[in-house]
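A.B. asks: kindly generate the corresponding structure for this input.
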Amino acid sequence: MEMVRELSREDLMDFIYGADIYGTGGGGSRSWALQQLEEAEGYGFRLIDVYEVPENAVVACPYGVGGGVREEIRRRLSGLPRLPRREVVSLGVETLERFLGRKLYGFVAGELGAGNTFLAMYMAALTGRYIIDGDSVGRSVPEVGHSTFNLLSIDITPYVVVSPFGDVLIVTRVLNDSRAEDIDRYMAVASGGGVTVIDHPIEGRRLRGAIVEGTISKSIEVGRALRRAKEERRDPVEAVVEATGGAVIFRGLVEEFRREGREGFLWGETHIRGVGEYAGRRMRIWFKNENLVSWLDDRPYVTCPDLITLLDPETGYALSNFADDVGPGREVAVIGIKAPEIWRTQRGLELLSPRYFGFDIDYRPLEEVLSEA
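C.D. replies: Below you'll find the predicted structure:
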């Protein structure tokens, strides 16, 4: 008998604010998730544990791919008619099911973040499918290949890519996840910055042990802890740290924030001047969509795969690299959270570490870095 958790609106709101913390500056915006929630008003959100998925049932992994593009591309596409999001969802699901010749049982998120994880939940609600309690990363990441599926050599194909204009691409064979990334990004750039992807159709028997489990439930817990701290007028940052098992790694004022949309990604750096116990010190954070590498006083500090998230000290809310959340004079609390253990393995670090992104920096676990700070 399936053990299903029917998520309330309060659960869903808590999820959005909790998952945003795991978004590390990316992962799809909180505002986008809230829009999806409003659009799905009246639909049921049914959460199910991965071990409750029948062995032969097929689930798939939906997410958005996108980032910055040149303004001239946006202008050129501005007059094209766009489909409502629910039609994009239906088009993608119907296309993949028709190709597979099988109905999808549910959806598992491609990463953990407010907007992109909620997209999987939104799709499940609108199509009457189940939401699998987990995702394929345990945080937000910039590239398609940064997934436990890739780490475990689980094939990404067949998959579909749907543009906001209703263009549909079915990919039946691809060399590797890096090539899939290139295909998806080019489609995103050609579509003004974003497309919807549904990939990794996988049976329940193979899904077990192939994802980071329980991350939706965990995000709800984190969001609930943040909400209650605010209601009880307690320090929201400390509530987040306690709920995530993380640590405050810096506090300060943003001195410089620069970003550039290029190749379907958002690239940039945040420079922060320390305050309080961090007075006289400086932190620099490099991001490619998500915050990935930090330096403290020009020395490598906390890095991916561990998580780096900027919080508003007053609200405890995560700050996005994509919105207007960060700018000169903004006070921030920077927290670090341990990555799931699978990313700390040799294969995990080959896919998600500073060296993968071209930095001559060896990964050091968050707890080791902080013990020497």
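A.B. asks: buried ones in the worst-scoring helix or strand of the chain on mean pLDDT?
C.D. replies: Lowest by mean pLDDT, DSSP states H and E among the helices and strands of the chain is helix 71-77, with a mean of 81. Going by neighbour count (16 or more other C-beta atoms under 10 Å), the buried part of helix 71-77 is residue 77. Where C-beta positions appear, they are placed from N, C-alpha and C, glycine not excepted.
A.B. asks: what are the contacting residues of that helix?
C.D. replies: The contact list for helix 71-77, computed with C-beta atoms under 8 Å, 6 or more residues apart in numbering, reads 165, 189, 191, 192, 193.
A.B. asks: among those, who's most crowded?
C.D. replies: Neighbour counts for the contacts of helix 71-77, by other C-beta atoms under 10 Å, peak at residue 191, which reaches 24 neighbours.
A.B. asks: touching, that one and residue 163? I think so.
C.D. replies: Yes - shown here, residue 191 and residue 163 form a contact pair, counting by C-beta atoms under 8 Å, at 4.1 Å.
A.B. asks: and the residue lying farthest from the centre of the chain, helix, strand or coil?
C.D. replies: Within the chain, the residue lying farthest from the chain centre (C-alpha atoms, centre = their mean) is residue 280, at 32.9 Å. Reduced to three states with DSSP: H, G, I helix; E, B strand; the rest coil, the structure at residue 280 is coil.
A.B. asks: quick one: contacts for it?
C.D. replies: Here residue 280 is in contact with residue 274 (C-beta under 8 Å, 6+ apart).
A.B. asks: closest to residue 262 out of the contacts of helix 71-77?
C.D. replies: residue 189 (9.7 Å; C-beta to C-beta).
A.B. asks: just the pLDDT for the closest residue to that closest one other than its chain neighbours.
C.D. replies: Spatial nearest neighbour of residue 189, chain neighbours left out: residue 264 (4.8 Å); criterion: C-beta to C-beta, 6 or more residues apart in numbering. pLDDT, residue 264: 74.
A.B. asks: how much space separates residue 264 from residue 76?
C.D. replies: Between residue 264 and residue 76 the distance is 16 Å, computed by C-beta to C-beta, to the nearest Å.
A.B. asks: and residue 286, by the same measure?
C.D. replies: Taking C-beta to C-beta, one finds residue 286 at 30 Å from residue 76.
A.B. asks: for the stretch 1-150 of the chain, which segments count as strands?
C.D. replies: For the stretch 1-150 of the chain, the strands defined by DSSP state E, counting those that start in this stretch cover 4-6, 46-48, 58-66, 104-109, 130-135.
A.B. asks: in TSV, list these along with mean neighbour count and mean pLDDT.
C.D. replies: As requested, the strands of the stretch 1-150 of the chain are exported to TSV (neighbours: other C-beta atoms under 10 Å; pLDDT from 0 to 100):
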stretch	mean neighbour count	mean pLDDT
strand 4-6	13	94
strand 46-48	20	98
strand 58-66	25	90
strand 104-109	24	98
strand 130-135	25	98
